[in-house]
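Participant: sequence unavailable; structure follows:
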């Protein structure tokens, strides 16, 4: 079964969104990333995506087909699926999961086959997965900005230490991509 | 005048000490670092050290001569200097500064000559220096552990965004050394 990768872009002071919920200061390089080896590798290894409801709503889901970086089955963890599902095609489908994170992961893994499940956020979904021991790799992109306040990626995680082993560091423009394996 | 480098080792969730004030989980590699190119370069560029009182007291200052990595003049920011200064020699001296961080930096710069002033902590001293615009480079070593609670490095810093430019990334065993220039 595929690897579960939880990945987000984090400010140097640990936030994945500022106090207004904005993320633009974390992604000044969004256009520059397109077509890079860094993005192409992520795309090549991804067989399914899991995201929370807010992350889903922050994008423009109707435009995902043909535009979103991952043209794969997308699983959205939510108790309030939209009445009309967004536009889909034979590669990119939307599945709304109202159950537990573990059932969402099971479904995403099944869709991903031998490829990885990319969990793209938000923070709460990643925290739930870390608490449930369902993350295989953690990919943290650190952006050299201080947001001062906002939504922390690493909060609400049990005191029980999670052992991480660094597996890769990539210098990608302003961002530094740190990759860790969760040791079991 | 020399560069002012503020450097600390930080957990992935942003702490420089745990809730009990302990730092051992951030330095599992303390012995392994001795004699590495990473440490030798830091030693070679350092002309003076500035630290806060708690950082001073966490060590065993009487044993610094001949043992501490930086055998240079050490400036300690404190309103309560010890009655008896620790052991010193012609390289490693202790100066207790009860004034402002800016006067401490001025004295340390003067002692460092063309070399850098290393600010080795604590968090409060680095926060004061960042607020005062007195940091030239920020060296953050990220250790892949979650402490969950404790002393945050990046807190109490003005909302005014400080622009950082990444200048170097080093993969040093478990730690990842991120180096930024403060853009003025």
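Facilitator: Structure received. Please read these numbers as outputs of a predicted model, since none were measured by experiment.

Participant: residue ranges with poor pLDDT in chain A?
Facilitator: Applying pLDDT under 70 to chain A flags residues A:1, A:159.

Participant: and the strands in it, which stretches?
Facilitator: Using DSSP state E, the strands found in chain A span residues A:4-11, A:15-17, A:46-52, A:74-77, A:94-97, A:116-119, A:137-143, A:151-152, A:164-172, A:175-182.

Participant: would you mind finding the most buried of the ones you listed?
Facilitator: strand A:116-119 (a mean of 28; mean count of other Cβ atoms under 10 Å in any protein chain shown). C-beta coordinates here come from the backbone N, C-alpha and C atoms, glycine included.

Participant: need the strands of chain A in JSON lines (columns: distance to residue B:129).
Facilitator: Formatted as JSON lines, the strands of chain A follow (distance: least, Cβ to Cβ, whole Å):
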{"stretch": "strand A:4-11", "distance to residue B:129": "19"}
{"stretch": "strand A:15-17", "distance to residue B:129": "22"}
{"stretch": "strand A:46-52", "distance to residue B:129": "38"}
{"stretch": "strand A:74-77", "distance to residue B:129": "42"}
{"stretch": "strand A:94-97", "distance to residue B:129": "48"}
{"stretch": "strand A:116-119", "distance to residue B:129": "37"}
{"stretch": "strand A:137-143", "distance to residue B:129": "21"}
{"stretch": "strand A:151-152", "distance to residue B:129": "24"}
{"stretch": "strand A:164-172", "distance to residue B:129": "26"}
{"stretch": "strand A:175-182", "distance to residue B:129": "23"}
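
Participant: which of those strands sits closest to residue B:173?
Facilitator: Across these, residue B:173 has its closest neighbour in strand A:164-172 (8.4 Å, Cβ to Cβ).

Participant: just to revisit the earlier point, which stretch among the strands of chain A comes nearest residue B:69?
Facilitator: strand A:164-172 (23.2 Å).

Participant: please compute how far that closest one lies from its chain's middle.
Facilitator: 16 Å (Cα atoms, centre = their mean, to the nearest Å).

Participant: cool, and stretch A:145-164?
Facilitator: Centre to centre, stretch against its chain (Cα atoms, centre = their mean), the figure for stretch A:145-164 is 15 Å.

Participant: so for it, what gets flagged as buried?
Facilitator: Using 16 or more other Cβ atoms under 10 Å in any protein chain shown as the burial criterion, the residues of stretch A:145-164 that qualify are A:145-148, A:150-154, A:157, A:162, A:164.

Participant: hmm, back to that, the strands of chain A: which one's closest to chain B?
Facilitator: With Cβ to the nearest Cβ, the closest approach to chain B among the strands of chain A belongs to strand A:164-172: 3.9 Å.

Participant: can you list contacts of that closest one?
Facilitator: If you take Cβ atoms under 8 Å, 6 or more residues apart in numbering or on different chains as the criterion, strand A:164-172 is touched by A:29, A:33, A:36, A:38, A:137-138, A:141, A:176-183, B:12, B:144-146, B:166, B:169, B:171, B:174, B:176.

Participant: again, 6 Å this time
Facilitator: Under the criterion Cβ atoms under 6 Å, 6 or more residues apart in numbering or on different chains, residues A:38, A:177-181, A:183, B:144, B:169, B:171, B:174, B:176 lie in contact with strand A:164-172.

Participant: I'd like the residues you listed written out as CSV, with distance to residue B:16 added.
Facilitator: CSV is the format used below for the contacts of strand A:164-172 (distance: Cβ to Cβ, whole Å):
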residue, distance to residue B:16
A:38, 29
A:177, 23
A:178, 18
A:179, 23
A:180, 19
A:181, 24
A:183, 23
B:144, 15
B:169, 20
B:171, 21
B:174, 16
B:176, 15
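
Participant: show me which pair in these is furthest apart.
Facilitator: The widest separation within the contacts of strand A:164-172 (Cβ to Cβ) is 24.6 Å, between A:38 and A:183.

Participant: looking at these two, which is more packed in?
Facilitator: Higher neighbour count among residue A:38 and residue A:183: residue A:38, with 16 against 9, using other Cβ atoms under 10 Å in any protein chain shown.

Participant: so what sits opposite the closest residue to the more buried one other than its chain neighbours in the bridge?
Facilitator: Using Cβ to Cβ, 6 or more residues apart in numbering or on different chains and skipping residues adjacent in sequence, the residue nearest residue A:38 is residue A:172, 4.9 Å away. Bridge pairing for residue A:172 (DSSP bridges) gives the partners residue A:175.
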